[in-house]
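Undergrad: how would this look folded up:
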Amino acid sequence: MYALIYDEFEPAKREKRVVSVHKTRVTAEKALTKRQHKLDKRVWDCNTRIVWVYDRVHEGDTISPNSFDTWAPGEKIPKGNITLCFVDTSAIL
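TA: So this is what the prediction gives:
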């Protein structure tokens, strides 16, 4: 089962809130697009992402990182361009 989770990408906040639950990645992607339009934000500004959930969950539940993965077991991961961004941290020290 797939879920949209609220993820602020803060390492200290490991627990994630389930925004919605879906049977397929396609319906999860549609829900993410709908949320993006509702919030009038770009996808990366919505703090929401699609994950595969190992156990049954419900909207509003809080789940830990060991309960989900980015891809379902055996799911074909799409190939595409990956852009890497490196930051020079030597000036910070």
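Undergrad: Contacts only, for the closest residue to residue 72 other than its chain neighbours.
TA: In space, residue 72 comes closest to residue 52 once its chain neighbours are excluded; the distance is 4.0 Å by Cβ to Cβ, 6 or more residues apart in numbering. Glycine gets a C-beta too; all of them are placed from N, C-alpha and C. Under the criterion of Cβ atoms under 8 Å, 6 or more residues apart in numbering, the contact list for residue 52 reads 1, 2, 68, 69, 70, 71, 72, 73, 75.
Undergrad: Quick check: bridge partners of residue 52?
TA: residue 2, residue 69 (DSSP bridges).
Undergrad: and residue 62, what pLDDT?
TA: On pLDDT, residue 62 comes in at 95.
Undergrad: Which members of the contacts of residue 52 are classed as buried?
TA: 1, 2, 68 (16 or more other Cβ atoms under 10 Å).
Undergrad: ok, so of these, who is nearest residue 62?
TA: residue 68 (11.6 Å; Cβ to Cβ).
Undergrad: I figured that closest one hits residue 54, correct?
TA: Yes - the pair residue 68 and residue 54 qualifies as a contact (Cβ atoms under 8 Å) at a distance of 6.8 Å.
Undergrad: Could you single out the nearest of the contacts of residue 52 to residue 48?
TA: Using Cβ to Cβ, the contacts of residue 52 come closest to residue 48 at residue 2, 12.4 Å.
Undergrad: the strands in the protein, which residues?
TA: For the chain, the strands defined by DSSP state E occupy 2-6, 16-22, 48-53, 62-63, 68-69.
Undergrad: Between those strands, which one is closest to residue 37.
TA: strand 48-53 (12.4 Å).
Undergrad: Could you give the average pLDDT over that closest one?
TA: 92.
Undergrad: that older thread, export the strands of the chain to CSV and append columns for distance to residue 32.
TA: Formatted as CSV, those follow (distance: least, Cβ to Cβ, whole Å):
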stretch, distance to residue 32
strand 2-6, 6
strand 16-22, 9
strand 48-53, 6
strand 62-63, 17
strand 68-69, 15
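Undergrad: Lovely, talk soon.
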